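In: predicted model follows, preceded by the sequence.
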Amino acid sequence: MKTPKMLTLLTLAMAFFGPGSPLQAEDAVVAKIGDREVTAAEIRPFLEGLPATDRTALTADKAALTRFVRSILVNRAVLQDATEAGWDKKPQTVAGLARLRDQYLVESYLAEVGQVPDDYPSDDEITKVYAAEKEQLKLPKRYRVAQIFIAADDDKEAARKRAQEIADTLKDEPGEFSALAKRNSNDTASAARGGELGWLAEAEITPEIRTAVAGLSKGQISAPVAGRSGYHILLLQDVREAGPAPLDEVKGEIAALLRNQRAALNRETHVSTLLQRQPVSVNELALEALK
């Protein structure tokens, strides 16, 4: 077997969907495999085949997008190697590809016949389902929290002092929490959002943090709280007691559930109608021959 060609990736910048990115042009060269250049137009179908949420996350992460493109090119190198070796001409390969083709045709066709109208379900239908299932849609007590995290690393005392300095500043300027979080927090993900952690279920919060948060009033900022790897300065933004989830929070999930159920029903109805025209019967005695 021939050795697969070396892969060379070019800089991906902000990838395919970044404003002003040179890769927005379909003929932009995003990679090379051996001596052949690979354009954005060749890679884009692989991205568009992903669920929307996965595609958004992938195109927002340069490192992940690089790995994604590399995996596609590795597959192409192996495919070329296999083709040159005549692997696609082997009887078992031809039979296997035929089975895959048939499976794809069945699945894609049923997905098409199961299509649900864009306006389904209506707001009224969603509201009715919510009213009927409201008691089953309970949420635990939740806290909306923001934080400034100072990592302890090797010097816990220095981290404690730094956290205390920030906490002292906030006593005089509580409105500066977001700005201070962006400048000082070592939790980069929340720092970019001004310290925002969003809504956290009570059970999701570590005991030491949960105790501190539970002792705060809405809008209050805590003193530095010692955590497992550093100090947390916490801002309690809001609290929601345990109870049924508000409709606006679960509306999207209910709509998705109803759409999936309707699509499944559409597929089942189509298959049922098909079997009325082409009944299926199995000779159970002859099944022994398959053993």
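Out: Perfect, I can see it now. Every value quoted in this text rests on a predicted model; they were computed, and no experiment measured them.

In: distance of N184 from D172?
Out: 16 Å (Cβ to Cβ, to the nearest Å). For glycine as for every other residue, the C-beta is placed from the backbone atoms N, C-alpha and C.

In: neighbour-wise, which of the two wins?
Out: Shown here are N184 and D172; by other Cβ atoms under 10 Å, N184 has more neighbours (18 against 7).

In: check contacts around the more buried one.
Out: By Cβ atoms under 8 Å, 6 or more residues apart in numbering, the residues touching N184 are I148, I150, R162, I166, A191.

In: what is the most widely separated pair among those residues?
Out: Within the contacts of N184, two members stand farthest from each other by Cβ to Cβ: R162 and A191, at 14.4 Å.

In: ranges for the helices of the chain?
Out: Here the chain has its helices, by DSSP state H, at 40-48, 52-59, 62-84, 91-113, 123-133, 156-172, 177-184, 188-191, 207-214, 247-277.

In: show me the one of those that comes nearest I221.
Out: Closest approach to I221 among the helices of the chain is made by helix 156-172 (5.3 Å; Cβ to Cβ).

In: buried ones in that closest one?
Out: Residues of helix 156-172 classed as buried by neighbour count (16 or more other Cβ atoms under 10 Å): A159, R160, R162, A163, I166, A167, L170.

In: which one of those residues is nearest to D123?
Out: L170 (42.9 Å).

In: tell me the spacing between the closest one and S229.
Out: Per Cβ to Cβ, L170 is found 21 Å from S229.

In: just to revisit the earlier point, export the helices of the chain as JSON lines, with columns for distance to R142 and mean pLDDT.
Out: Converted to JSON lines, these look like this (distance: least, Cβ to Cβ, whole Å; pLDDT from 0 to 100):
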{"stretch": "helix 40-48", "distance to R142": "34", "mean pLDDT": "88"}
{"stretch": "helix 52-59", "distance to R142": "22", "mean pLDDT": "82"}
{"stretch": "helix 62-84", "distance to R142": "30", "mean pLDDT": "90"}
{"stretch": "helix 91-113", "distance to R142": "36", "mean pLDDT": "96"}
{"stretch": "helix 123-133", "distance to R142": "19", "mean pLDDT": "95"}
{"stretch": "helix 156-172", "distance to R142": "24", "mean pLDDT": "95"}
{"stretch": "helix 177-184", "distance to R142": "20", "mean pLDDT": "96"}
{"stretch": "helix 188-191", "distance to R142": "17", "mean pLDDT": "92"}
{"stretch": "helix 207-214", "distance to R142": "11", "mean pLDDT": "95"}
{"stretch": "helix 247-277", "distance to R142": "10", "mean pLDDT": "94"}
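
In: of those, which is nearest A286?
Out: Closest approach to A286 among these (Cβ to Cβ): helix 247-277, 20.5 Å.

In: identify each buried residue in the closest one, please.
Out: For helix 247-277, by 16+ other Cβ under 10 Å, it's V250, K251, I254, A255, L258, R259, R262, A263, N266, R267.

In: show me which of those is closest to A82.
Out: Distances from A82 to these, taken by Cβ to Cβ, are shortest for R267, at 34.7 Å.

In: tell me the contacts of I150?
Out: A159, R162, A163, I166, N184, S185, N186, P224, G230, Y231, I233.

In: switch the cut-off to 7 Å
Out: A159, R162, A163, N186, G230, Y231 (Cβ atoms under 7 Å, 6 or more residues apart in numbering).

In: need those in JSON lines (columns: distance to E288).
Out: Below are the contacts of I150 laid out as JSON lines (distance: Cβ to Cβ, whole Å):
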{"residue": "A159", "distance to E288": "73"}
{"residue": "R162", "distance to E288": "77"}
{"residue": "A163", "distance to E288": "75"}
{"residue": "N186", "distance to E288": "68"}
{"residue": "G230", "distance to E288": "68"}
{"residue": "Y231", "distance to E288": "72"}
